[in-house]
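In: structure for this input, please:
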Amino acid sequence: MTFGNRTNTRITSMNVRLRIGLVVYAAQEWTKEKVIAALDDGDTFVTLLMNRTTGEWEVGQTVRTYVSKGVTYLRTDDDELTDDNLDNLPECPADPPL
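Out: Predicted coordinates:
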């Protein structure tokens, strides 16, 4: 995830991976706007983190949008706060091996 401000409350892009069953594909960097458009089109996104101990992917929370005063935010909770919040995920590191 890449942030657009010093307080890390505005996401500008994130790594997106296609997951089919237990298979997780290589990451593609998507802009926040592209993720919002896909959500608006009915696609589903969840947070996904690699457990470095087990080597397994762990599925987290469902990503949804929240709109306030014409600005769309990405969130994993139902708080009506005007910032992006994806469960305090880290900034995008180097791609872990699949």
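In: C-alpha only now, for contacts and for neighbours.
Out: OK.
In: so who does residue 81 touch?
Out: Neighbouring residues of residue 81 by C-alpha atoms under 8 Å, 6 or more residues apart in numbering: there are none.
In: which SSE is it in?
Out: Residue 81 is located outside every helix and strand, with elements delineated by DSSP states H and E.
In: okay, and the beta partners of residue 14?
Out: Counting by DSSP bridges, residue 14 is bridged to residue 30.
In: please work out the average pLDDT along the longest strand along the chain.
Out: Secondary structure assigned by DSSP state E gives strand 57-68 as the longest strand of the chain. Looking at strand 57-68 alone, the average pLDDT works out to 90.
In: residues making contact with it?
Out: With contact meaning C-alpha under 8 Å, 6+ apart, strand 57-68 is reached by 36, 39, 44-51, 72-76, 80, 82, 86-87.
In: quick check: buried residues in it?
Out: Of the residues in strand 57-68, those buried by neighbour count under the rule 16 or more other C-alpha atoms under 10 Å are 63, 64, 65, 66.
In: is it fair to say residue 37 lies in a helix?
Out: Yes - the assignment for residue 37, made by DSSP: H, G, I helix; E, B strand; the rest coil, places it in a helix.
In: count the neighbours of it for me.
Out: 12 (other C-alpha atoms under 10 Å).
In: confidence score at it?
Out: 97.
In: mind starting the numbering at 12 from now?
Out: In the new count, where the first residue is 12, that last one comes out as residue 48.
In: gap between it and residue 58?
Out: With distances taken as C-alpha to C-alpha, to the nearest Å, residue 48 is found 17 Å from residue 58.
In: do a quick rundown of the strands in this structure.
Out: Secondary structure of the chain (DSSP E): strands located at 13-14, 22-27, 30-31, 34-35, 39-42, 56-61, 68-79, 82-86.
In: how distant is stretch 32-44 from the center of its chain?
Out: In terms of C-alpha atoms, centre = their mean, to the nearest Å, the centre of stretch 32-44 is found 9 Å from the chain centre.
In: likewise stretch 40-53?
Out: Taking the mean C-alpha point of stretch 40-53 and that of its whole chain, the gap between them comes to 10 Å (C-alpha atoms, centre = their mean).
In: please apply the same query to stretch 42-61.
Out: With C-alpha atoms, centre = their mean as the basis, the mean position of stretch 42-61 lies at 7 Å from the chain mean.
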